[in-house]
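Chemist: quick one, what's the 3D model for this:
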Amino acid sequence: MATIDLPVETPEGGSGHAPVRTARTRRGRPGSRLWVKTVVALLLVVEIYPMVWMFLTSLKSNDDYLNNSTWSLPTTWEWGNYTEAWTTGHIGLYVQNSLLAVVPALALMLLLGTAAGFALQVMVWKGRSLTLLVFLAGMMVPPQMILLPLFTVYFQTGLSGTLWPLILTYTGTGLPLTVFMMATYYRGVPRELFEAATIDGAGILRAFWTISVPLVRNALLTVGLVQFFFIWNDLLIALTFTNDQDLRTIQVGLLNFTGDFGATQYGPLFAAICINVFGTLLIYLFLNQKVMKGLTSGALKG
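Modeler: Numbering: from 1, shown residues only. Have a look, this model is predicted:
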């Protein structure tokens, strides 16, 4: 081990040399972290192997899927399954319907939720604590309880047969959680910024748009991504309010996926599932760092 001798004073007033350690390395025992690596490897297998199996199954023919082993590789690589899923299976139409329902609902949810969180945490007014409790109570209402009343309302108002029931229902059911999360993020924003803006003559709207929204942009991205996955993967609400094949979302379309003559084509079906799964996975991987920053900023203050 390397040491350096430095002069030091002895009790008799003289000087001597004392060894000073400059570097010290520790090496763990071989295999001390082997169990950690083993657990991580098992988790990777559990997460990745189903996606690999699903991708390989999407390249099988119908006879290959029915007659050969489930775990076998494709005998012929049927890349045309993706084309058939997009055209014959109408996955392109289902993806379009999902986007037309999810994007407006997500925009309304984030706009109203951010404004409500700002009003509940930054603005001072009587009854804001009770209002926050009302929003929290909305999180405790199961969606199954409101489907029948909403279906009656949409039918009587003439909204049935459109995507508006999905947009309004997604916005209403996701708003309580959005308001709660945005109010939590606003607790970490320094109040001195808004006080300085008020002294400079900024009104409520200007303080909201030019000061608060840029400060919580990572939180907006995090909440928006969480709500996007909730809405995109919804089956119950979409199945209740889409009574027309041309209005089906991708989850309802996968549930009723059939071929030309009504028989299930497993290759195109798994190809459609891969389009759905890997598309949303790419969105999460692309925005992963932003999501982590948003989660960290929300944990600064409770």
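
Chemist: all contacts plus neighbour counts: C-alpha atoms, from now on.
Modeler: Noted.

Chemist: ok, residue 58 - contacts?
Modeler: The contact partners of residue 58, by C-alpha atoms under 8 Å, 6 or more residues apart in numbering, come to 78, 81-82, 266-271, 274.

Chemist: what are the buried residues along stretch 34-52?
Modeler: Under the neighbour-count criterion of 16 or more other C-alpha atoms under 10 Å, stretch 34-52 has nothing buried.

Chemist: relative to residue 189, which of the contacts of residue 58 is nearest.
Modeler: Nearest to residue 189 among the contacts of residue 58: residue 274, at 40.6 Å, using C-alpha to C-alpha.

Chemist: burial of the closest one, as a residue count?
Modeler: For residue 274, the count of nearby residues is 19 (other C-alpha atoms under 10 Å).

Chemist: quick one, what contacts it?
Modeler: So residue 274 contacts 54-55, 58 (C-alpha under 8 Å, 6+ apart).

Chemist: tell me the mean pLDDT over stretch 109-123?
Modeler: The average pLDDT for stretch 109-123 rounds to 92.

Chemist: what residues sit buried inside that stretch?
Modeler: For stretch 109-123, burial by neighbour count (16+ other C-alpha under 10 Å) applies to 109-110, 112-122.

Chemist: what does stretch 235-254 give?
Modeler: Here stretch 235-254 shows 235, 237-239, 241-242, 247-254 as buried, counting by 16+ other C-alpha under 10 Å.

Chemist: same check on stretch 97-110?
Modeler: Neighbour counts over stretch 97-110 (16+ other C-alpha under 10 Å) mark 97-98, 100-102, 104-106, 108-110 as buried.

Chemist: now, which of the contacts of residue 274 lie within helices?
Modeler: 54-55 (DSSP state H).

Chemist: spatially nearest residue to residue 162 (excluding sequence neighbours)?
Modeler: Once flanking residues are discounted, residue 162 sits nearest to residue 247: 7.2 Å by C-alpha to C-alpha, 6 or more residues apart in numbering.

Chemist: the one you found against residue 163, yeah?
Modeler: Yes. Using C-alpha atoms under 8 Å, residue 247 is in contact with residue 163, at 7.0 Å.

Chemist: list residues touching both of these two?
Modeler: The contact sets of residue 247 and residue 163 overlap at residue 97 (C-alpha under 8 Å, 6+ apart).

Chemist: just to revisit the earlier point, so who does the residue nearest to residue 162 touch?
Modeler: Residues in contact with residue 247, defined by C-alpha under 8 Å, 6+ apart, are 94, 97, 161-163.

Chemist: on that earlier part again, tabulate the contacts of residue 274 (CSV), appending distance to residue 230.
Modeler: CSV is the format used below for those (distance: C-alpha to C-alpha, whole Å):
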residue, distance to residue 230
54, 22
55, 24
58, 25
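
Chemist: and the least confident of the contacts of residue 247?
Modeler: Comparing pLDDT over these, the lowest score belongs to residue 161 (87).

Chemist: mind listing what it touches?
Modeler: Contacts of residue 161 (C-alpha under 8 Å, 6+ apart): 242-244, 247.

Chemist: rerun that using 7 Å as the cut-off
Modeler: Counting by C-alpha atoms under 7 Å, 6 or more residues apart in numbering, residue 161 touches 242-244.

Chemist: which ones among the residues you listed are found in helices?
Modeler: Among these, no member falls in helices (DSSP H).

Chemist: tally up the residues packed near residue 138, please.
Modeler: 16.

Chemist: how near is it to residue 172?
Modeler: Distance, residue 138 to residue 172, using C-alpha to C-alpha, to the nearest Å: 9 Å.

Chemist: one more: residue 278?
Modeler: 28 Å.

Chemist: quick one: the helices in the stretch 201-302 of the chain, in order.
Modeler: Using DSSP state H, counting those that start in this stretch, the helices of the stretch 201-302 of the chain run over 204-206, 213-215, 217-232, 236-241, 250-255, 266-286, 288-298.

Chemist: give me the buried stretch members for the longest one, please.
Modeler: Meaning helix 266-286. Residues 266-276, 280, 284 are the ones in helix 266-286 that count as buried (16+ other C-alpha under 10 Å).

Chemist: tilt between it and helix 217-232?
Modeler: Helix 266-286 and helix 217-232 meet at an angle of 170 degrees, taking axes from the mean of the first three to the mean of the last three C-alpha atoms, to 10 degrees as the criterion.
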